[in-house]
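**Q** Everything below, folded, please.
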Amino acid sequence: MTLKQIYSWIGIGIAAILLGVVALTSWYTVDESDQAVVITFGKAEEGITEPGLHFKLPWPIQSVETLSKETFSLNFGYDKENAENADVVRMITGDENILQADLVVQWKIIEPAQYLFNADDPEQILYNATSASLRSIIGSSTVDEALTDGKAEIENQVLDLLVSVMEDYEVGIAIQDVKLQEVDLPNEEVRQAFMKVTDARETMNTKENEADKYRNEIIEEAQGEKDAIISRAEGDKVERIEIARGNVAGFNALYNAYQSNPDVTRQRLVLETLDEVLPGANMYIMNDDGNTIKYLPLGPNGSATTIPSGEENTEDGSEGETANDNQ
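**A** Numbering: from 1, shown residues only. Next comes the predicted model:
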């Protein structure tokens, strides 16, 4: 072969290689669970999320980076696959107690270009942000809140803070959810001491509730007695008002009778007064007329008799006539 032929075969080989590279690097596929980023001379283009076959300029003009769209989990202080060697994360609460906490963060990639080029290790940034967020929230909470009914509130606060931090970092990661796996005291001695404090607090609350119950019973009893006294007083007031009204009505009737017949009314008043002043005495109405004293006994027997005068007594001791006149 001549030198010209050799050069020709070399040119054909190079052309074939170039055509092969162009043919192999001018297309790519995107799976349903993936997303792709086309890079042109090192600059990331808009991400491709539609699954299927796509075409691009051949390498080295354009290249493709494929990232998953699935949701990832970050175990902070806890690893169920390697529980014995998992990191123990201890932190101080707002009331200066020590806790160990495990947190799982659910996250996914939403901006592939930022994830690829804005940070060398986005997952390490996420881990550090999770640590800072959890420690910040635990540091502003009490040990009782972290161990009892405050876990849900702590999770919500950690989620809000972590979302805000990751948005500021702009590494293309979106936080889906955070979940506290376990919040506990660091060792058994501290746990026992905390349980004693908790039992003492529960006893105090029980005593306070019993005292409040007793106080409420006493207050209700006193309130009932007060209402009863007020009710009796109102009844007495109404009774006295009615009695006063009756006395006024009686006085008015007596006054009207006195105006129409003063003598009879005056005599009746005298007799009624005597009856009230001397309730046990016998009362007689007497009228001296002639030699015989006529009287009307108003005592218990209710009989009317006549007592003859000394001048009318006969020699044989006979008595005068019986008076039947009522005056």
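
**Q** For burial, what's the neighbour tally of the closest residue to F117 other than its chain neighbours?
**A** Among residues not flanking F117 along the chain, A44 sits closest, at 6.1 Å (Cβ to Cβ, 6 or more residues apart in numbering). C-beta coordinates here come from the backbone N, C-alpha and C atoms, glycine included. Other residues lying near A44 total 17 when counted by other Cβ atoms under 10 Å.

**Q** Distance-wise, check A44 relative to I243.
**A** Distance, A44 to I243, by Cβ to Cβ, to the nearest Å: 104 Å.

**Q** same deal with A253?
**A** As judged by Cβ to Cβ, A253 and I243 stand 15 Å apart.

**Q** so what does the helix ranked longest in the chain touch, helix or strand wise?
**A** As far as residue count goes, and with DSSP state H defining each element, the longest helix of the chain is helix 188-260. Contact partners of helix 188-260 among helices and strands, from 3 or more Cβ pairs under 8 Å, 6 or more residues apart in numbering; DSSP states H and E: helix 143-147, helix 262-277.

**Q** tell me the most buried of these?
**A** Highest mean neighbour count of the helices and strands packed on helix 188-260: helix 143-147, a mean of 20 (counted as mean count of other Cβ atoms under 10 Å).

**Q** List the contacts of whichever helix or strand comes after it.
**A** Counting by DSSP states H and E, the element after helix 143-147 in chain order, helix or strand, is helix 151-169. The contact list for helix 151-169 (Cβ atoms under 8 Å, 6 or more residues apart in numbering) reads 103, 105, 118-119, 125-126, 129-130, 132-134, 136-138, 141, 145-146, 173-175, 177-180, 183.

**Q** can you check stretch 192-199 too?
**A** Applying Cβ under 8 Å, 6+ apart, the set of residues contacting stretch 192-199 from outside is 97, 143-144, 147, 185.

**Q** wait, which of those residues is closest to V248?
**A** Using Cβ to Cβ, D144 is the member of those that lies nearest V248, at 72.5 Å.

**Q** That closest one against L99, yeah?
**A** No: with contact defined as Cβ atoms under 8 Å, D144 does not count as touching L99 (11.1 Å).

**Q** Let's verify the residue nearest to F117: helix, strand, or coil?
**A** Local secondary structure at A44 is given as strand here, using DSSP: H, G, I helix; E, B strand; the rest coil.

**Q** and it, what are its bridge partners?
**A** According to DSSP bridges, the residues that bridge with A44 are I39.

**Q** Could you measure from it over to N261?
**A** Between A44 and N261 the distance, using Cβ to Cβ, works out to 127 Å.

**Q** Could you do E65 as well?
**A** Counting by Cβ to Cβ, the gap from E65 to N261 is 130 Å.

**Q** more neighbours, those two?
**A** The residue with more neighbours, out of E65 and N261 and counting by other Cβ under 10 Å, is E65; that gives 16 against 11.

**Q** so the more buried one sits right up against A113, yeah?
**A** No: the pair E65 and A113 fails to qualify as a contact (Cβ under 8 Å) at a distance of 9.0 Å.

**Q** which residues are common contacts for those two?
**A** Counting by Cβ under 8 Å, 6+ apart, the contacts common to E65 and A113 are V37.

**Q** Quickly find the element holding Q35.
**A** For Q35, the enclosing helix or strand under DSSP H and E is strand 34-40.

**Q** So what touches that strand?
**A** Where contact means Cβ under 8 Å, 6+ apart, the residues beyond strand 34-40 that reach it are 28, 30, 44-49, 51, 54, 56-57, 61-69, 109, 112-113, 116.

**Q** which among these end up buried?
**A** 28, 30, 44, 47-48, 56, 62-65, 67, 109, 112-113, 116 (16 or more other Cβ atoms under 10 Å).

**Q** gap between the spatially most central residue of the chain and T142?
**A** With the centre of the chain defined as its mean C-alpha position, the nearest residue by Cα atoms, centre = their mean is D149, 14.8 Å away. Distance of D149 to T142, computed by Cβ to Cβ: 12 Å.

**Q** Quickly name whichever of the contacts of stretch 192-199 is closest to V277.
**A** Of all the contacts of stretch 192-199, V277 sits closest to D144, with 83.0 Å by Cβ to Cβ.

**Q** wait, what's in contact with the closest one?
**A** When contacts are counted by Cβ under 8 Å, 6+ apart, D144 touches 150, 198.

**Q** Now do it, the pLDDT please.
**A** Looking at D144, its pLDDT stands at 83.
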